[in-house]
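Q: what would the 3D arrangement of this be:
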Amino acid sequence: MHQSMREIETASIKVNGEHRRVALGTSVSGLVLELGLDPARVAVERNLAIVPRSTLGEVAVEDGDDYEIVHFVGGG
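A: Purely as a prediction, here's the structure:
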């Protein structure tokens, strides 16, 4: 019996110090959404460099990347 399902290639990354795998080709915005966060309410640092919010959808996650993601919470 042959299987036609193809394995999804993944990237190994760190997010806030925790290892995780994501599909290759995922954007930083997609990663943020996978984490259950709103891309409009986060600050993202990738490999010690800030990723401008306006480019989160354009920057692709790469194997070995190290992210720090801070989520802003409203309130007063």
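Q: give me the low-pLDDT residue ranges for the chain?
A: Residues of the chain meeting the criterion pLDDT under 70: 1-6, 76.
Q: ok, the spatially most central residue of it - contacts?
A: Residue closest to the average C-alpha location in the chain (C-alpha atoms, centre = their mean): Leu31, at 2.9 Å. When contacts are counted by C-beta atoms under 8 Å, 6 or more residues apart in numbering, Leu31 touches Ile13, Val15, Val22, Val61, Tyr67. Backbone N, C-alpha and C define where each C-beta goes, glycine included.
Q: so it sits in a helix?
A: Yes. The assignment for Leu31, made by DSSP: H, G, I helix; E, B strand; the rest coil, places it in a helix.
Q: how about the helices of this structure, start to end?
A: Per DSSP state H, the chain has helices spanning 28-34. These are given in chain order.
Q: so where do the strands sit in it?
A: 10-15, 18-23, 42-46, 49-51, 66-71 (DSSP state E).
Q: can you list the contacts of Leu31 in JSON lines and add neighbour count?
A: Below are the contacts of Leu31 laid out as JSON lines (neighbours: other C-beta atoms under 10 Å):
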{"residue": "Ile13", "neighbour count": "20"}
{"residue": "Val15", "neighbour count": "19"}
{"residue": "Val22", "neighbour count": "20"}
{"residue": "Val61", "neighbour count": "23"}
{"residue": "Tyr67", "neighbour count": "21"}
